[in-house]
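A.B. asks: Build me a structure from this.
(chains A, B, C and D)
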There are 4 protein chains.
Amino acid sequence: MSNGDIFVGEIIGTAILILFGAGVCAAVTLRYSKARASGWVVIAFGWGFGVLAGAYTAAPLSGGHLNPAVTLGIAVDTGEWGKVWIYVLGQFVGAMIGAVLCYLTYFAQFQANVRKTGTTEGTADEPVPTLGIFSTIPEIRHPVANLVTEIIATVGLVLPILAFGLTEGLGESGTLVLIVSLLVVGIGLSLGGPTGYAINPTRDLGPRIVHTFLPIPNKGTSDWGYAWIPVVGPLIGGALAGLVYNLAF
Amino acid sequence: MSNGDIFVGEIIGTAILILFGAGVCAAVTLRYSKARASGWVVIAFGWGFGVLAGAYTAAPLSGGHLNPAVTLGIAVDTGEWGKVWIYVLGQFVGAMIGAVLCYLTYFAQFQANVRKTGTTEGTADEPVPTLGIFSTIPEIRHPVANLVTEIIATVGLVLPILAFGLTEGLGESGTLVLIVSLLVVGIGLSLGGPTGYAINPTRDLGPRIVHTFLPIPNKGTSDWGYAWIPVVGPLIGGALAGLVYNLAF
Amino acid sequence: MSNGDIFVGEIIGTAILILFGAGVCAAVTLRYSKARASGWVVIAFGWGFGVLAGAYTAAPLSGGHLNPAVTLGIAVDTGEWGKVWIYVLGQFVGAMIGAVLCYLTYFAQFQANVRKTGTTEGTADEPVPTLGIFSTIPEIRHPVANLVTEIIATVGLVLPILAFGLTEGLGESGTLVLIVSLLVVGIGLSLGGPTGYAINPTRDLGPRIVHTFLPIPNKGTSDWGYAWIPVVGPLIGGALAGLVYNLAF
Amino acid sequence: MSNGDIFVGEIIGTAILILFGAGVCAAVTLRYSKARASGWVVIAFGWGFGVLAGAYTAAPLSGGHLNPAVTLGIAVDTGEWGKVWIYVLGQFVGAMIGAVLCYLTYFAQFQANVRKTGTTEGTADEPVPTLGIFSTIPEIRHPVANLVTEIIATVGLVLPILAFGLTEGLGESGTLVLIVSLLVVGIGLSLGGPTGYAINPTRDLGPRIVHTFLPIPNKGTSDWGYAWIPVVGPLIGGALAGLVYNLAF
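C.D. replies: Have a look, this model is predicted:
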């Protein structure tokens, strides 16, 4: 795979991932969305099928990492670091594009975040905080516990991904990405409760930057004090998964 | 594939798609349905598995496009326009047949839309509007924003479909249609909030015509003022996806 | 496949199907079940994965029809009628065994259907009707409409099943049964609203006989007046699907 | 497969299974979790995708049993008992590790089980019992009925697993584990109502031991009086499935 293909593939793939992932959070969070308040199962499947859409699209160009933690885990395992920066750069650019696309998709809903009309959700005068659509927010703010949650959840993502390729008939077939996307659904359902499962540094940081600059009415805080945890935790988790994989398999 | 096979395949496949898709909207919307008020996750999976049912059935005859936006995206990419009209005509006829089949399946429920009995859903005297079973209705009426939503959501459908065929071992296997149907579930969950995701001109226009003429008690408006958006938006999105694919892959 | 293998395969497969299918209805319906009131999405996926469990188990012995409508559709298409009676007999015996297994699995819950304790569901003194766990009940009793619903839903099951085998790489692989089970989830979500989707004569008749004789406290009516519809409707639908398939493909 | 590979594979795979499975119970049960009160469908898919994650990871090392009932069923069928103890020991160690990882993932949530703040769930002063996160609790305490439920549900797991391998093109491909994980979703939806479906001795016993010793505030009883049922029931079920398989196939 050429550097150009990798760069373009990761941009397109991560943009689709974040469009779907931020999209499902917008769908569930915002008033005047048909999916409002439709629950955690919708969030988890939305993100998982975002991985399916993005990774299958990117696969022929870049292999479809879409996540620096995955790229790091592979690099730690294989020892090949030369193209890591191209992957991560593409993922970062793609994540920001995806966040903007989500904003455009839900443009009228974001604008209506100030509208004062009778509504069954919450108080009409009270706008919905919007950061949770773009980036993760912990339920309980506890840096060490939040970091541990992100590390474990990321190991739960990257270690299986590394191992899946060894299953006879899976690594060579198109079924692999499907399995990974269902794995991501599973991580969301099972391990997403405490922090909202970033498990991907660019998934959280890129959209947080976009959130900071977008002209959303009453958007609320971008919460930069928490921003390091969904970056550092997944990186530790990805590297740890690469080490465990190298040791055990 | 012969013209006759394409025509018959697209009719049968699109009829099944709309039977399932309009069916799940009827199931969730109508009183006296066992699935009433069962939420967005049911809508999204119902439409997705409608694609699964219709596209696998049509696949051996026509390849199973079932959507002018998909047909257009492929034509823009390949430059082959000769059979586009057969595909679209079949899709259009099929969509109308599917809408009639949905009406027949839920016949007693549609008739009961005037019945005045004690019920836990809403006021007994107030019939449910029925257009949302057949065609899409935006949550916030904002032509530009609605159009942008449909364009982005359709790119999110057609670009991955074009790219999926490149994944080693997927394009040649029967797994491809399964992935596309889960992609459609994902689009519903993530991008369906603002407009109800037509992402397919015949899916919206065919059933809207049927809704206009069907003798449903208290059926409410067929909302022809909005009808152009779910036709034009998906066509722009499909063409755009073909262009991006041609450029990037 | 020998007659003995077919008979044993259909018994085991249909018993598993009904154990899962009646089981999920018990899970959602009965008080003192962890899944009580968990909604239509649980019903639809429970039945679909019952098909997955039963059909994959039966596949190596009998091909895993588990449904006289499927067996009939295949016979109408191929013209081979010699083994139809073995299939149907096995399906019938299996359906009754499965219903008994469901009763045993939920034994304590069925017994507790008379228990008078404080509970959040309904009035404690009012037992839950149990027929809906074993057989289908229409939301609106309208013989013609109910029959039409069962016919259309069964065509929506059998026509795709017949066509799926033609998809390159699907008919020969183990993925076929997975697709069929997701198709059944889709039928449940989309077409199950009016009658509870029997789409299978033995699935409804076998458990109804078992319900008639089982010593369940306060079990309520077995509703034999409706029993012919979920038998005749699916048989018409299966034959119709065989004819359409033969004509169109 | 060497003894060492089997041991390591079963430890890693079962640890992942329990991390996801106990994790989803924590996600739904605990206050201050984003998935709290999100219902049975989340539980069932969480455990199923835990099987997917754990079994695909373990597959290249040990084949991915992750369950003494599966190991027993295979041994009863094949007559090969030499490596059973290695499998079971690895499963047991893995289950305890997984339970500890779940505790660490939800550390802040477990600590907050005493926090007295305004909350919409229950009374703020009343902590949530935590045993249900680690081990199973019957809805109705009835040893014979509970045992029968676990036996039938385990036959419903192990008999299909044994038979799935015979489906042409499934046993040799990577799709097999996917099917098994959806089977586990199905068992949860359909047969989990009465006892919470242990269907796996180590899945219940390992985490129960961990629950007994973990310093969780207000954790409630570890309910050792019930502990034998989710061990004995699945073992009987696994052996029974092996016998039926041997007889019928």
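A.B. asks: can we go C-alpha only for contacts and neighbour counts from here?
C.D. replies: Fine.
A.B. asks: residues contacting the residue positioned nearest the centre of chain A?
C.D. replies: Nearest to the geometric centre of chain A sits residue A:203, at 4.0 Å (C-alpha atoms, centre = their mean). Taking C-alpha atoms under 8 Å, 6 or more residues apart in numbering or on different chains as the contact definition, residue A:203 lies against A:18, A:67, A:92, A:95, A:135.
A.B. asks: for whichever residue of chain A sits closest to chain C, what are its contacts?
C.D. replies: Nearest residue of chain A to chain C: residue A:175, at 10.6 Å (C-alpha to the nearest C-alpha). Residue A:175 sits next to B:170, B:175, D:174-175 when contact means C-alpha under 8 Å, 6+ apart.
A.B. asks: just residue A:129 next, same as before
C.D. replies: Applying C-alpha under 8 Å, 6+ apart to residue A:129 gives the contacts A:218-221.
A.B. asks: Next: residue A:1.
C.D. replies: Listed by C-alpha under 8 Å, 6+ apart, the contact partners of residue A:1 are A:61-62.
A.B. asks: please redo it, this time with the cut-off set to 10 Å
C.D. replies: A:60-63 (C-alpha atoms under 10 Å, 6 or more residues apart in numbering or on different chains).
A.B. asks: Now do the same for the closest residue to chain D within chain A: helix, strand or coil?
C.D. replies: Evaluated by C-alpha to the nearest C-alpha, chain A has residue A:190 as its residue closest to chain D, separated by 3.8 Å. Following DSSP: H, G, I helix; E, B strand; the rest coil, the label given to residue A:190 is helix.
A.B. asks: pLDDT value on it, please?
C.D. replies: Listed pLDDT for residue A:190 reads 98.
A.B. asks: give me the number of residues near residue A:4?
C.D. replies: The number of residues packed near residue A:4 is 14, by other C-alpha atoms under 10 Å in any protein chain shown.
A.B. asks: I'd assumed residue A:238 was in contact with residue A:151.
C.D. replies: Yes - between residue A:151 and residue A:238 there is a contact at 7.9 Å, judged by C-alpha atoms under 10 Å.
A.B. asks: any common contacting residues for the two?
C.D. replies: Shared contacts of residue A:151 and residue A:238, counting by C-alpha under 10 Å, 6+ apart, come down to A:157, A:199, A:232.
A.B. asks: Report all helices and strands that the top helix by length along chain A contacts.
C.D. replies: Longest helix of chain A, by residue count under DSSP state H: helix A:3-29. Counting contacts by 3 or more C-alpha pairs under 10 Å, 6 or more residues apart in numbering or on different chains; DSSP states H and E, helix A:3-29 packs against helix A:40-62, helix A:84-105, helix A:107-111, helix A:131-134, helix A:201-213, helix B:143-164, helix B:175-191, helix B:229-248.
A.B. asks: export the second one as CSV, just CAs?
C.D. replies: The C-alpha trace of helix A:84-105 is given here as CSV (Å, rounded to 0.1, in the frame of the first residue of the first chain):
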residue,chain,number,x,y,z
VAL,A,84,2.6,4.9,11.8
TRP,A,85,2.6,8.7,11.3
ILE,A,86,0.8,8.5,8.0
TYR,A,87,-1.9,6.4,9.6
VAL,A,88,-2.4,8.6,12.6
LEU,A,89,-2.3,11.8,10.5
GLY,A,90,-5.0,10.4,8.2
GLN,A,91,-7.1,9.3,11.2
PHE,A,92,-6.8,12.7,12.8
VAL,A,93,-7.9,14.6,9.6
GLY,A,94,-10.6,12.1,9.0
ALA,A,95,-12.0,12.4,12.5
MET,A,96,-12.3,16.2,12.2
ILE,A,97,-14.0,15.9,8.8
GLY,A,98,-16.4,13.3,10.1
ALA,A,99,-17.4,15.6,13.0
VAL,A,100,-18.1,18.4,10.6
LEU,A,101,-20.2,16.1,8.5
CYS,A,102,-22.2,15.1,11.5
TYR,A,103,-22.8,18.8,12.3
LEU,A,104,-24.0,19.4,8.8
THR,A,105,-26.3,16.3,8.9
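A.B. asks: when you scan that helix, is anything in it near chain B?
C.D. replies: Yes - counting by C-alpha under 10 Å from any C-alpha of the partner chain, chain B has neighbours in helix A:84-105: A:101-105.
A.B. asks: Give me the buried subset of the residues you listed.
C.D. replies: Buried by 16 or more other C-alpha atoms under 10 Å in any protein chain shown: A:101-105, out of the residues of helix A:84-105 next to chain B.
A.B. asks: I'd like these as JSON lines, with pLDDT appended.
C.D. replies: Below are those laid out as JSON lines (pLDDT from 0 to 100):
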{"residue": "A:101", "pLDDT": "98"}
{"residue": "A:102", "pLDDT": "98"}
{"residue": "A:103", "pLDDT": "98"}
{"residue": "A:104", "pLDDT": "98"}
{"residue": "A:105", "pLDDT": "98"}
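A.B. asks: Just put the contacts of residue A:203 in TSV and tack on neighbour count.
C.D. replies: TSV is the format used below for the contacts of residue A:203 (neighbours: other C-alpha atoms under 10 Å in any protein chain shown):
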residue	neighbour count
A:18	31
A:67	25
A:92	26
A:95	34
A:135	27
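A.B. asks: Taking the residues you listed together, which two end up most distant?
C.D. replies: Distance extremes for those: the farthest pair is A:67 and A:135 at 14.7 Å, using C-alpha to C-alpha.
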